[in-house]
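Undergrad: need a 3D model of the following:
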Amino acid sequence: QVQLVESGGGLVQPGGSLRLSCAASGFTFSLYAMSWHRQAPGKERELVAPIPSRGGTTNYADSVKGRFTISRDNAKNTVYLQMNSLKPEDTAVYYCKAFRPGGSTYWGQGTQVTVSS
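TA: Numbers count the residues shown, from 1 in each chain. The predicted structure follows:
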């Protein structure tokens, strides 16, 4: 059974940091590209950052560039999102996604991040 389980969300003050984790199981994690997405209330889901199956460089959404870092540990079947200098506009439900060209796409259930004083 395929599972993507996000964790690490919560309430943080502006300027604070959080690290999200997404633990994968039920598929060959190292063959899949991963990505983090977010959806704020009343808005469409948007891509935050992707990462290739073997890691490496990636492109970030302009709104998070220089503040967020995506990484993965294929030995632990986990992808991370380090979020620094958080702003109220970063408040959203954050989702991880696994995808493979010509293959399946899987989504996690999401974790809430709230940035507020």
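
Undergrad: I'd guessed residue 4 sits against residue 108; true?
TA: Yes: counting by Cβ atoms under 8 Å, residue 4 does reach residue 108; the two are 3.6 Å apart. (Each C-beta comes from the backbone N, C-alpha and C, glycine too.)

Undergrad: residue closest to the middle of the protein?
TA: With distances taken as Cα atoms, centre = their mean, residue 36 lies nearest the centre of the chain, 2.9 Å away.

Undergrad: so what secondary structure elements neighbour the strand or helix carrying residue 5?
TA: Using DSSP states H and E, residue 5 sits in strand 3-7. If you count contacts as 3 or more Cβ pairs under 8 Å, 6 or more residues apart in numbering; DSSP states H and E, strand 3-7 packs onto strand 18-25, strand 92-99.

Undergrad: CA atoms only: put that strand into CSV for me.
TA: The C-alpha coordinates for strand 3-7 follow below in CSV (Å, rounded to 0.1, in the frame of the first residue of the first chain):
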residue,chain,number,x,y,z
GLN,A,3,1.7,5.9,1.7
LEU,A,4,3.1,9.4,1.9
VAL,A,5,3.0,10.8,5.4
GLU,A,6,3.8,14.4,6.0
SER,A,7,4.8,15.7,9.5
